[in-house]
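1. sharing a model that was predicted from the sequence below.
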Amino acid sequence: MQVRSETRRNHGSSCGQNTCEALRKSKERADFLVYHDVLTGLPNRAFLLEHLPSMLAGADRHNEKVALLFLNLDHFKNINDSLGHASGDVVLKKVAERLKKCSRKQDVLIRLGADEFVTALGGIRDGAEAAVAAERIRKVVAEEFRVEGYSLSTTCSIGISLFPEHGTDPESLLKEADLALCCAKENGRSCWRFFTPDLNAKALERMTLENGLRHAIASEQFFIEYQPQVNLATGRIVGSEALLRWRHPELGLVPPNTFIPVAEKCGEIVRIGEWVLREACAQARQWQEQGVAGLPVAVNVSAVQFRQQSFPDTVKNVLRDTGLDAGMLELELTESLLLADADVVPSVMQRLREMGVNLAIDDFGSGYCGLNYLRQFQFCKLKIDRVFVQALGQSSYDDAITAAIIGVARILKMKVIAECAETEGQVHFLREHGCDEVQGYYFSKPLSADNFAERVLSQCN
């Protein structure tokens, strides 16, 4: 009995020790996760924000600088979409290992989240050292990866902020490095950019526009003008292009090339695009009731809007609700739209053609659209990019390109329209080379709906 009792005591002691060890390891794991990323094992944002203040204070004492390098992998989503998230995780771990090799002992490297990393460079003398480090990182990340038998490559964009020039606290430096990162992405990616004060102004402007766009429809700040499209042979108006305008209550009239890109980035362009489509179709139907019949209305379609699988249904519903015949609607699509989402574009275009909607390719010559796209998608009209039209008579090169575009369109039995015609010389060239239609200030500026109707009715008298 005594032996059993001793055994029982030893067993209990062993269980207690195991429990304590398990609790200790669990606590260590919990403590680790507070300050580290599970996937890569790198420190996380909490770690950076806790350690960066002392890093900045040390730099201040020694009259040194600290640089924050905010790194984002370019188009990383493509790897996840094509090979799966497991392969994407492998790439992230390999990137983390490469970044570790680029880091010095005094640097702090963290994974901020998703495909974002931040390196805090301590003890540097000037921005040039930060630039050297950023370029080294950019090249290291761009080297090929081997993942599950595949050879992959990815690039990165980097934004850089400096202490004390750009900020004196961690949150400000992170924010400014993030703004610089956005600048790097907008400048073609696979590059690095320093923060500059004007980036703050641009960010504030973008935020103001985004907030305004969300309320512009309900507040009736949008309106549409219609630019006449003129037949070059007869001089008569044969159609119109609907042009969106935004009168902001504080900023005044905001140019489309300023607010349209912002609307595309924040996602508001889908809602705005549907509003324009509905307003333009309703107006075209109203013109018919006023005796302005047989004139199609052209509406520009954003790439973001067109990529929606539901877009054909939207068009169908708008035509049904407004009572406009599909043949009186012309959708203008850009070259860049055709080159993206090859799986979506053909099916959407096919459904639109089956509905009887006319399709035109806008700004032709500004992108990389090949002749195969013109044949494959069977456009009814081709619009020559304004750059070539405005250069007519000034450059033999642009003259030759414009003449060639008109020739190709005629071979493919497509109508040709030129935009932004402003001089008699430009109009003469287009007429002589067989361009069908033209729009621009030479004939008319964009008009209100009522003025457009008056102009068309006057040519009938």
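-> On my side now, so go ahead. Residues are numbered from 1 along each chain as shown.
2. quick check: mean pLDDT across the longest strand seen in the chain?
-> What stands out as the longest strand in the chain, according to DSSP state E, is strand 237-248. The average pLDDT within strand 237-248 is 96.
3. where does pLDDT dip in the protein?
-> 1-18, 20-32, 336, 338-343, 365-373, 375, 461 (pLDDT under 70).
4. how does it divide into domains?
-> 45-195, 205-458 (automatic domain parsing).
5. who does the longest strand of the chain touch, helix- and strand-wise?
-> helix 197-216, strand 222-231, strand 252-254, helix 256-266, helix 269-289, strand 297-300, helix 449-458 (3 or more C-beta pairs under 8 Å, 6 or more residues apart in numbering; DSSP states H and E). C-beta here means a position set from N, CA and C on the backbone, and glycine is covered the same way.
6. give me the distance from the longest one to the chain's centre.
-> Meaning helix 269-289. 25 Å (C-alpha atoms, centre = their mean, to the nearest Å).
7. what's it packed up against?
-> Partner elements for helix 269-289 (3+ C-beta pairs under 8 Å, 6+ apart): strand 222-231, strand 237-248, helix 256-266, strand 297-300, helix 303-306, helix 311-322, helix 449-458.
8. please save the CA atoms from the last one in CSV.
-> Below are the C-alpha coordinates for helix 449-458, written out as CSV (Å, rounded to 0.1, in the frame of the first residue of the first chain):
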residue,chain,number,x,y,z
ALA,A,449,-30.5,68.9,-73.6
ASP,A,450,-32.8,71.8,-74.6
ASN,A,451,-30.2,73.6,-76.7
PHE,A,452,-29.3,70.4,-78.4
ALA,A,453,-32.9,69.8,-79.4
GLU,A,454,-33.2,73.4,-80.7
ARG,A,455,-30.1,73.0,-82.8
VAL,A,456,-31.3,69.8,-84.4
LEU,A,457,-34.8,71.2,-85.0
SER,A,458,-33.4,74.3,-86.6
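9. list the buried ones in it?
-> By neighbour count with 16 or more other C-beta atoms under 10 Å, helix 449-458 contains the buried residues 449, 452-453, 455-456.
10. hang on, S444 is in a helix, isn't it?
-> No. Looking at S444 with DSSP: H, G, I helix; E, B strand; the rest coil, it is coil, so not inside a helix.
11. ok, how many other residues are close to it?
-> Other residues near S444 come to 18 when the count uses other C-beta atoms under 10 Å.
12. just the helices and strands packed on helix 269-289: most buried one?
-> Each of those was scored by mean neighbour count; the highest is strand 297-300, a mean of 24, by mean count of other C-beta atoms under 10 Å.
13. residues contacting it, please?
-> 226, 229, 239-242, 244, 276-277, 280-281, 283-284, 328-332, 360, 362 (C-beta atoms under 8 Å, 6 or more residues apart in numbering).
14. so what strands line up beside it?
-> strand 237-248 (parallel), strand 329-334 (parallel) (DSSP bridges).
15. now do the contacts for K383.
-> Contacts of K383 (C-beta under 8 Å, 6+ apart): 332, 360-364, 416-419.
16. who's D362 bridged to?
-> Beta-bridge partners, per DSSP bridges, of D362: T334.
17. coming back round to it: so which of the strands paired with strand 297-300 is nearest L42?
-> Smallest distance to L42 across the strands paired with strand 297-300 (C-beta to C-beta): 41.1 Å, for strand 329-334.
18. only alpha carbons, please: show the closest one as CSV.
-> Taking C-alpha atoms only, strand 329-334 is exported to CSV below (Å, rounded to 0.1, in the frame of the first residue of the first chain):
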residue,chain,number,x,y,z
LEU,A,329,-28.0,53.6,-77.8
GLU,A,330,-24.3,53.5,-78.6
LEU,A,331,-21.8,52.4,-75.9
GLU,A,332,-18.2,53.7,-76.2
LEU,A,333,-15.6,51.4,-74.9
THR,A,334,-11.9,52.2,-74.5
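19. who are the packing partners of the helix or strand hosting D399?
-> Under the criterion of DSSP states H and E, D399 resides in helix 396-411. Here helix 396-411 touches helix 371-377, strand 381-384, helix 386-390, strand 415-418, helix 424-432, going by 3+ C-beta pairs under 8 Å, 6+ apart.
20. any chance of the contacts of K383 in a markdown table, with distance to I384 and neighbour count too?
-> Formatted as a markdown table, the contacts of K383 follow (distance: C-beta to C-beta, whole Å; neighbours: other C-beta atoms under 10 Å):
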| residue | distance to I384 | neighbour count |
| --- | --- | --- |
| E332 | 13 | 22 |
| A360 | 11 | 23 |
| I361 | 10 | 24 |
| D362 | 10 | 24 |
| D363 | 8 | 20 |
| F364 | 6 | 24 |
| V416 | 7 | 24 |
| I417 | 7 | 29 |
| A418 | 5 | 29 |
| E419 | 7 | 20 |
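21. which one of the residues you listed sits closest to Y150?
-> I361 (35.7 Å).
22. surely that closest one meets L382?
-> Yes. Counting by C-beta atoms under 8 Å, L382 is a contact partner of I361 at 5.3 Å.
23. shared neighbours of the two, anything?
-> With C-beta under 8 Å, 6+ apart, I361 and L382 have common neighbours L374.
24. which residue is nearest the centroid of the chain?
-> K265 (5.1 Å; C-alpha atoms, centre = their mean).
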